[in-house]
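**Student:** Need the 3D shape of this:
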Amino acid sequence: QVQLVESGGGLVQAGGSLRLSCAASGRTFSGNAMGWFRQAPGNERVFVATIDWNGGTTYYADSVKGRFTISRDNAKNTVFLQMNSLKPEDTAVYYCAGRESRYSRPNPGQYDYHYWGQGTQVTVSS
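**Tutor:** The predicted model follows:
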């Protein structure tokens, strides 16, 4: 059974930092693009960041560019999202996602991702 398990969420003050982790099990994602998405209360789930299979290419939503960094450790089958200078509007449930096909391109479209984690809550207080 394939699982993506996010961790690292929590409550932080504005201006603070958090590092999210997404640990995969059941199959290797070392050859697959991975992404982070988020969903705030009452809103649709939206793209945050994505990374290609070897970390050479990354894309970010404009709202997080310069503050968030996506990275991966293929040896540990894990993807990370370093979040700095957090703002109250970053409050959301953050989801990790993986694409199905090997060497798939990083893509901001959530419907291109086959595997999803259960999400981790990030709350930023003002």
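**Student:** alpha carbons only for contacts and neighbour counts from here, please
**Tutor:** Noted.
**Student:** didn't Ser71 look like it was pressed against Trp53?
**Tutor:** No - applying C-alpha atoms under 8 Å, one finds Ser71 not in contact with Trp53, separated by 10.2 Å.
**Student:** Let me see the contact set for Asn54.
**Tutor:** Asn54 sits next to 30-31, 72, 74 when contact means C-alpha atoms under 8 Å, 6 or more residues apart in numbering.
**Student:** Looking at those residues, spot the one nearest Val124.
**Tutor:** Arg72 (24.2 Å; C-alpha to C-alpha).
**Student:** and the closest one, which of the three is it?
**Tutor:** Three-state call for Arg72 (DSSP: H, G, I helix; E, B strand; the rest coil): strand.
**Student:** go on, the one 10 residues further on?
**Tutor:** Gln82 carries the three-state label strand when classified by three-state DSSP.
**Student:** Numbering from 54 from now on, please.
**Tutor:** Fine by me, first position is 54 from now on; the one you just mentioned is Gln135.
**Student:** partners of it in the sheet?
**Tutor:** Beta-bridge pairing for Gln135 (DSSP bridges): Arg72, Thr122.
**Student:** And it, how close does it get to Ser179?
**Tutor:** Gln135 sits 20 Å away from Ser179 when distances are taken as C-alpha to C-alpha, to the nearest Å.
**Student:** Also Ala93?
**Tutor:** 16 Å.
**Student:** who's more crowded, the two?
**Tutor:** More neighbours surround Ala93 than the other of Ala93 and Ser179, with 17 against 11 (other C-alpha atoms under 10 Å).
**Student:** who's in contact with that one?
**Tutor:** Counted by C-alpha under 8 Å, 6+ apart, Ala93 has contacts 144-146.
**Student:** Report the secondary structure state of the residue nearest the centre of the chain.
**Tutor:** In the chain, the residue lying closest to the centroid (C-alpha atoms, centre = their mean) is Trp89, at 2.3 Å. Using three-state DSSP, the structure places Trp89 in strand.
**Student:** Tell me how many other residues crowd the residue lying closest to it once chain neighbours are set aside.
**Tutor:** Leaving aside its sequence neighbours, Trp89 sits nearest to Cys149 (C-alpha to C-alpha, 6 or more residues apart in numbering; 4.7 Å). Residues near Cys149, counting by other C-alpha under 10 Å, number 31.
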